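Student: With the sequence up front, the predicted model follows.
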2 protein chains.
Amino acid sequence: MTTAKQWVLASRPEGAPNSENFRLEEVALPELADGQILVENTFASVDPYMRGRMNDAKSYIEPFQIDQPLTGTAVGTVAESRSDKFKVGDTVRHFAGWRTHAVLHEEQVEQIDTGIAPAEAYLGILGLTGLTAYVGLTAVGEMKQGDVVFISGAAGAVGSAAGQIAKHLGAAKVIGSAGSAEKIDYITGIGFDEAFNYKDGDVTGQLAKAAPEGVDVYFDNVGGDHLEAAIANANTFGRIAMCGAIAQYNDTEPAPGPRNLGLSIGKCLTLRGFVVGQYSHLAEEFQEKIAPLVVDGSIGYETTVREGIDTMPKAFLELFEGGNTGKMIVKL
Amino acid sequence: MTTAKQWVLASRPEGAPNSENFRLEEVALPELADGQILVENTFASVDPYMRGRMNDAKSYIEPFQIDQPLTGTAVGTVAESRSDKFKVGDTVRHFAGWRTHAVLHEEQVEQIDTGIAPAEAYLGILGLTGLTAYVGLTAVGEMKQGDVVFISGAAGAVGSAAGQIAKHLGAAKVIGSAGSAEKIDYITGIGFDEAFNYKDGDVTGQLAKAAPEGVDVYFDNVGGDHLEAAIANANTFGRIAMCGAIAQYNDTEPAPGPRNLGLSIGKCLTLRGFVVGQYSHLAEEFQEKIAPLVVDGSIGYETTVREGIDTMPKAFLELFEGGNTGKMIVKL
């Protein structure tokens, strides 16, 4: 009988989560039924949006349940199969992350081609990370050729992808902010035209210096003072794609919105929130237009890898401390 | 020699303006040059947006200047003419309000047809007021047939127009909020399906009761707790047209934005600010689609009239106390 190690939600956090909110369990896996496969996971994703699922709150995705295993994207190898679609040794992607093994129905997994990109890329740039960046710039931010684009969290998985995609879509200038000198080096190295360290203070002033011509599209991954800076520096008919607000995910009180939101009226700004799940109809377009640029190396990506199932909660918590450059994943 | 009485900006307000910020002057008018006309104003408009022009701040419209006459929309009668385009007795609309007479070049005025609607309608429902309501619902709010539409400041000039236009465009339900029982009676009388008095408290709860199916489009004239209520009650892919924030125009400190702006991400909301001046290309469409409904009485409008040039600052200040139902104008 095969057993799996899996992380369950031990308790809901008040404010910032900590390791006490997670518990590692060993469970016996059932025998395979017809149409099922056993997957041995090789890599699992940790993502900021999972913080929201730790709360018992109605949202666009159902909350994690106490004493139940956590979920998220993972890739793995088929170890046993009672499916006609998959054979032992196939590499697949699925949503039963946070565990070493999973028994899944063939409809719950998709095959990935590790001949063109490594398995871990399918958890990031070739997965929801890349699609989020693409959708945020195009359908949500309505980016046009010649636009000045500002991206916060620019050294993160989504931000670094968005900056490179914006350049490929014809942005006149792409500006990124991040929280360390190393990250600034990284994002200028992958093609951002301007970059600044928000920890140097005065985000509005630093952005004004980087974009004296004003900002047309802002891709918001952090909220807070970055959102105010973008509104202050936005051009008329500027657009703001609100993807995330990691600075506020652990707040116990609702954070005040931008104090200068009133400027949106005179400037005719559009602020549009989005979750990638509402834009899955653009996945094919992304595969056609952007995935080949990843495969041929035109668009690069960084992966921060932690090793071992034991490290998963810590890797997740590091996201909120800026511990990652690029996509944070765990090698199981 | 003809003289005119005109209001000038005596001083800039700190917070709420008062009568001390205005000064009435009598000035001699120049002789007409070729192409000029003398207009005797009959009605002048006071509008909330004028509050912003009293500040010395860069915006979408230039600030009023100290000791210089205020401006705004007015209608009047041509009293003398050295223009081939206008003859004595013509009724015209122009931007030299806040005064009894104005000498203007023929290019600065437009003729209006008082045979189809009274002159004062051209300061409101057939002017920028009506266009603002139309643009806010259509180009900005992207209202579709079957949408549930919520409008704040619903008894005001723009709000009352927006509610009626929304019904004509096929809204499934139009909900309005206003600040007195009389105003609630007024807006239900002109076709709003639901209405509540925001002074009864808990705007979010009152809106939830009026729109248990959720809100698709919110036309924001007030900001503050109404904006939070709309975000809280918005459906997925809801749209918010930010037209004004009269509740905050007199604040000396920047007002915090909505505390629940983060909900816009999961709900995929669009918040879009606008000023009607950026949408003048839709004036013709408005004239074709909506003006006939005003002329034939399908869309009604209310006018609150104060009498005499002396009353203008007071009429303007009343806007911030909810002293008007419908469009506030001054008969000169």
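Tutor: Sure, I can see it.
Student: got the residues of the stretch 151-300 of chain A near chain B?
Tutor: Within the stretch 151-300 of chain A, the residues that sit near chain B (C-beta under 8 Å from any C-beta of the partner chain) are A:223, A:236-237, A:242-245, A:248, A:254-275, A:278. (C-beta placed from N, C-alpha, C; glycine too.)
Student: Could I get the contacting residues of the closest residue to chain B within the stretch 1-150 of chain A?
Tutor: Nearest to chain B, among the residues of the stretch 1-150 of chain A, is residue A:60, at 4.0 Å (C-beta to the nearest C-beta). By C-beta atoms under 8 Å, 6 or more residues apart in numbering or on different chains, the contact list for residue A:60 reads A:275, A:277, A:278, B:236, B:266, B:267.
Student: which element follows the helix ranked longest in chain A toward the C-terminus?
Tutor: Using DSSP state H to define each element, chain A has its longest helix at helix A:157-168. Next in sequence after helix A:157-168, counting helices and strands by DSSP states H and E, comes strand A:173-178.
Student: how many degrees apart are that next one and helix A:157-168 in direction?
Tutor: Angle, strand A:173-178 to helix A:157-168, by axes from the mean of the first three to the mean of the last three C-alpha atoms, to 10 degrees: 170 degrees.
Student: For strand A:173-178, which strands pair with it and how are they oriented?
Tutor: Here strand A:173-178 has these sheet partners by DSSP bridges: strand A:148-151 (parallel), strand A:194-197 (parallel).
Student: Tell me which of the ones you listed sits nearest to residue B:179.
Tutor: strand A:148-151 (39.4 Å; C-beta to C-beta).
Student: residues in contact with that closest one?
Tutor: Outside strand A:148-151, the residues that touch it by C-beta under 8 Å, 6+ apart are A:137, A:141, A:143, A:159, A:162-163, A:166, A:171-177, A:192, A:207, A:210-211, A:213-219, A:221, A:230, A:233, A:235.
Student: ditto for stretch A:309-320
Tutor: Defining contact as C-beta under 8 Å, 6+ apart, one finds that stretch A:309-320 is touched by A:5, A:7, A:16-19, A:21-22, A:24, A:44, A:46-48, A:50-51, A:98-100, A:246, A:249-250, A:306, A:323-324, A:328-330, A:332.
Student: Return the subset of these lying in strands.
Tutor: Using DSSP state E, A:5, A:7, A:22, A:24, A:44, A:306, A:328, A:329, A:330 are the members of these that sit in strands.
Student: As JSON lines, those residues with neighbour count, pLDDT and distance to chain B would be great.
Tutor: As requested, the ones in strands among the contacts of stretch A:309-320 are exported to JSON lines (neighbours: other C-beta atoms under 10 Å in any protein chain shown; pLDDT from 0 to 100; distance: C-beta to the nearest C-beta, whole Å):
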{"residue": "A:5", "neighbour count": "17", "pLDDT": "98", "distance to chain B": "31"}
{"residue": "A:7", "neighbour count": "23", "pLDDT": "98", "distance to chain B": "24"}
{"residue": "A:22", "neighbour count": "20", "pLDDT": "98", "distance to chain B": "23"}
{"residue": "A:24", "neighbour count": "15", "pLDDT": "98", "distance to chain B": "29"}
{"residue": "A:44", "neighbour count": "27", "pLDDT": "97", "distance to chain B": "23"}
{"residue": "A:306", "neighbour count": "19", "pLDDT": "96", "distance to chain B": "27"}
{"residue": "A:328", "neighbour count": "23", "pLDDT": "95", "distance to chain B": "20"}
{"residue": "A:329", "neighbour count": "29", "pLDDT": "96", "distance to chain B": "23"}
{"residue": "A:330", "neighbour count": "26", "pLDDT": "97", "distance to chain B": "25"}
